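K.L.:
just need the structure, nothing else, for what follows:
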Amino acid sequence: MSDPLVRLNFALQSIEEPLSAAMAHTMAYDTLHLFANDQHEVRLVCVLPEDANEGDIISLNATHLLARDARYCVEHILSLENIEIGHVSLVLSHIGFRDDSNEYVLQLMLHGLHATLKDSAEFDVIITPHESGFLAPIITNATGTKSHSLRHYFTHFSSSILSFF
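P.N.:
I've put the predicted structure just below:
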């Protein structure tokens with residue numbers, strides 16, 4: 001699959017802006033259903049707003065409904081080519097299962113000079129992992145464990161000796 005099925009767009013912020021009444025339906029989004037591919041990624045196309053400039057940073061954060069920090073995030077520095085095309089493709093990777101639910105709040109943000117927030121939009125999403133989801137590889141280092149435990153032993157031994165004085 002070469003093209004993502006979902007295109008995210010920034011909503012108009014003010015009721016007083018021209019065309020905002022005609023675009024009011026864009027303010028109330030239905031829940032998006034995103035499906036991870038076999039590489040455990042979700043690819044999204046983000047349409048850039050008119051005030052996007054070269055060097056601005058567009059970021060996408062997916063935060064679980066019961067969490068405080070983003071579980072999936074990606075950011076991209078806009079190039080002149082991105083501005084000319086009018087959109088940028090962002091990829092959320094390492095999509096895995098959660099025990100309780102897969103409901104997230106997706107935040108799309110455009111940051112300008114000195115990290116000022118220029119535009120933002122929020123979406124309710126359900127992210128479905130591919131098959132069993134992403135499983136991080138477990139890395140074991142037997143020699144590092146042995147030297148760490150020996151150092152740990154000497155640290156405790158020396159602190160015990162010093163505690164007598």
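K.L.:
helix or strand with the lowest mean pLDDT in this protein?
P.N.:
When the helices and strands of the chain are scored by mean pLDDT, DSSP states H and E, helix 142-163 comes last with a mean of 60.
K.L.:
show me where the protein has strands.
P.N.:
Assigned by DSSP state E, the chain shows strands spanning 7-9, 32-35, 41-47, 57-64, 72-77, 87-93, 103-111, 117-128.
K.L.:
strands paired with the shortest one, and their directions?
P.N.:
Right, strand 7-9. Applying DSSP bridges to the sheet, strand 7-9 is found paired with strand 41-47 (parallel).
K.L.:
what angle separates the partner strand from strand 117-128?
P.N.:
Interaxial angle of strand 41-47 relative to strand 117-128 (axes from the mean of the first three to the mean of the last three CA atoms, to 10 degrees): 150 degrees.
K.L.:
hmm, D100 is touching L66, no?
P.N.:
Yes. Assessed by CB atoms under 8 Å, D100 is found in contact with L66 at 6.4 Å. C-beta coordinates here come from the backbone N, C-alpha and C atoms, glycine included.
K.L.:
quick one: common contacting residues for those two?
P.N.:
Contact criterion CB atoms under 8 Å, 6 or more residues apart in numbering; residues shared by D100 and L66: none found.
K.L.:
before we move on, the earlier item: in TSV, list the strands of the chain along with mean pLDDT.
P.N.:
Putting the strands of the chain into TSV (pLDDT from 0 to 100) gives the following:
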stretch	mean pLDDT
strand 7-9	76
strand 32-35	84
strand 41-47	89
strand 57-64	90
strand 72-77	91
strand 87-93	91
strand 103-111	90
strand 117-128	87
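K.L.:
redo the ones you listed as TSV? Include mean neighbour count.
P.N.:
Rendered in TSV, the data for those read as follows (neighbours: other CB atoms under 10 Å):
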stretch	mean neighbour count
strand 7-9	16
strand 32-35	16
strand 41-47	19
strand 57-64	19
strand 72-77	15
strand 87-93	17
strand 103-111	19
strand 117-128	17
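K.L.:
please name the nearest non-neighbouring residue to T128.
P.N.:
F35 (4.9 Å; CB to CB, 6 or more residues apart in numbering).
K.L.:
and for the residue nearest to A36 when sequence neighbours are not counted, the neighbour number?
P.N.:
In space, and not counting its chain neighbours, A36 is closest to I95: 3.9 Å by CB to CB, 6+ apart. I95 has 23 neighbouring residues, counting by other CB atoms under 10 Å.
K.L.:
contacts only, for I95.
P.N.:
A36, H40, E41, V42, Y72, I127, P129, H130, G133, F134.
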